[in-house]
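> Generate coordinates for the sequence data below:
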Amino acid sequence: MQLEIIAKMHSPMKEKFGLPRQSGLANELKGTVVFEGKYSDKRAVEGLEGYDYIWLLWEFEGVKDTKGEEFRAMVRPPRLGGNTYMGVFATRSPFRPNPIGMSCVKLDRIEMTDKGPVLHISGADLRDGTPIFDIKPYLPYAEAHPDARGGFTDETNMKRLEVVFEDDSYKEDEAALREILSQDPRPAYQNDPERVYGMNYKDMNVRFRVEEGTVFVIGNKL
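I've put the predicted structure just below:
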């Protein structure tokens, strides 16, 4: 089977570092899905405006090509500190037989442009330029299971950190950055309160450090 790219993600998140670990965790993070070529036909999204959420099927980028290599049955989820192995099909690791991701995002609106429809979405965990293979509507009557078990994630509930901005450098984007940084984008094994991290967001280098459960955002742009 050959997959075709139907659209590209446009997001202020320019790299993997800092991305929410799952969709829906940073609802202030806005982006757009722009269709490409023959898939920009406005008829293809007719009726989509009646849904509040959509599924995106997309390609993990920046992961090593596993074709021709031995199947990797076990992976180390960051949620478990990066030292505990789990079966690959019990995780959402990008290191899989086929590098396909899926995300449930909020559909804010559909904009019709001269080049075709543009989907305005929020809560995505895709970086800028991510290729999208398919879009499907989210069906709450069939896909909502609030009482379902969550495997090892039930035992590793994410604790959000307090975020303190040291000045007003990021005032326009403060809501989105607060959601993103409160989830602590650092690797689980790093806990140096003196280390300053940098995260690319739009045209900015958002610098921050984490100390005793608080993220201190340093005002410095590119």
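> Please make it C-alpha for all contacts and neighbour counts, starting now.
Will do.
> show me the contacts for Pro187.
Residues in contact with Pro187 (C-alpha atoms under 8 Å, 6 or more residues apart in numbering) are 78, 81.
> Wasn't it part of a helix?
No - read with DSSP: H, G, I helix; E, B strand; the rest coil, Pro187 is coil and lies in no helix.
> What separation is there between it and Arg178?
Pro187 is 18 Å from Arg178, where distance means C-alpha to C-alpha, to the nearest Å.
> And for Tyr53?
Counting by C-alpha to C-alpha - Tyr53 and Arg178 are separated by 23 Å.
> ditto for Glu59
Counting by C-alpha to C-alpha, the separation of Glu59 from Arg178 is 27 Å.
> what bits of the protein have low per-residue confidence?
Applying pLDDT under 70 to the chain flags residues 62-69, 156-157, 220-222.
> Show me which strand runs longest in this protein.
What stands out as the longest strand in the chain, according to DSSP state E, is strand 100-113.
> Which secondary structure state does Val34 sit in?
Classified using three-state DSSP, Val34 is strand.
> Enumerate every residue touching it.
Contact analysis of Val34 by C-alpha under 8 Å, 6+ apart lists 7-10, 40, 117-119.
> and the two most separated of the residues you listed?
Across these, no pair lies farther apart than His10 and Ser40, at 15.2 Å, counting by C-alpha to C-alpha.
> Helices of the chain, start to end?
For the chain, the helices defined by DSSP state H cover 140-143, 174-181.
> Would you mind writing the CA trace of the last one as PDB?
Read it as helix 174-181. In PDB, the C-alpha atoms belonging to helix 174-181 read as follows (Å, rounded to 0.1, in the frame of the first residue of the first chain):
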ATOM      1  CA  GLU A 174       1.600  33.300  27.200                       C
ATOM      2  CA  ALA A 175      -1.500  31.100  27.400                       C
ATOM      3  CA  ALA A 176      -0.200  28.500  24.900                       C
ATOM      4  CA  LEU A 177       3.300  28.500  26.400                       C
ATOM      5  CA  ARG A 178       1.900  28.100  29.900                       C
ATOM      6  CA  GLU A 179       0.100  25.000  28.800                       C
ATOM      7  CA  ILE A 180       3.100  23.500  27.000                       C
ATOM      8  CA  LEU A 181       5.700  24.300  29.700                       C
END
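> which residues are in contact with that helix?
Contacts for helix 174-181 (C-alpha under 8 Å, 6+ apart): 18-20, 25-29, 161, 163, 215.
> before we move on, the earlier item: so which of the helices of the chain is nearest Tyr85?
helix 174-181 (26.1 Å).
> ok, back up a step: any idea how far the longest strand of the chain is from the chain center?
Distance, stretch centre to chain centre, for strand 100-113: 12 Å (C-alpha atoms, centre = their mean, to the nearest Å).
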